[in-house]
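Trainee: Sequence isn't available, so here's the structure alone:
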């Protein structure tokens, strides 16, 4: 079910029918605003998780390089210098 259009001429008469449609539009705007805020929050959480994952992968790579560890398959071998 969609919203009924708001007509300017109905606004001038300020009828109960116009007020009912206006209230329906306000409820829909409130619902949409809450949904957008929830989506923004989820995007922030996703970006924070991706940033954390990237940082942990970078740290893991740094540690691996510093210890001269070669990872092959499921086994790790210490490189002899």
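Mentor: Yep, that arrived. Fair warning: this is a prediction, and the values are worked out from it, not measured in the lab.
Trainee: so where's this structure shaky on pLDDT?
Mentor: Across the chain, the ranges flagged by pLDDT under 70 are 1, 68-81.
Trainee: can you do 50?
Mentor: Counting by pLDDT under 50, the chain contains no low-confidence range.
Trainee: what about the strands in it?
Mentor: 69-72, 75-78 (DSSP state E).
Trainee: where exactly do the helices run in the chain?
Mentor: Using DSSP state H, the helices found in the chain span residues 8-13, 16-66.
Trainee: got CSV for those helices, with mean neighbour count too?
Mentor: C-beta: built from backbone N, CA, C; applies to glycine. As requested, those are arranged in CSV below (neighbours: other CB atoms under 10 Å):
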stretch, mean neighbour count
helix 8-13, 10
helix 16-66, 11
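Trainee: Among the ones you listed, which comes closest to residue 2?
Mentor: For the helices of the chain, the distance to residue 2 is smallest for helix 16-66, at 9.5 Å, taking CB to CB.
Trainee: and that closest one, what other elements does it pack with?
Mentor: If you count contacts as 3 or more CB pairs under 8 Å, 6 or more residues apart in numbering; DSSP states H and E, helix 16-66 packs onto helix 8-13.
Trainee: contacts for the helix it packs on?
Mentor: Residues outside helix 8-13 that contact it (CB atoms under 8 Å, 6 or more residues apart in numbering) are 17-18, 21.
Trainee: Report the central residue of the protein.
Mentor: The centroid of the chain falls nearest to residue 43 when counting by CA atoms, centre = their mean (2.2 Å).
Trainee: Could you measure from that residue over to residue 56?
Mentor: Separation of residue 43 from residue 56 (CB to CB, to the nearest Å) stands at 20 Å.
Trainee: one step back: okay, the contacts of helix 8-13 in a markdown table with distance to residue 5 next?
Mentor: Listed next are the contacts of helix 8-13 as a markdown table, based on distance: CB to CB, whole Å:
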| residue | distance to residue 5 |
| --- | --- |
| 17 | 12 |
| 18 | 11 |
| 21 | 8 |
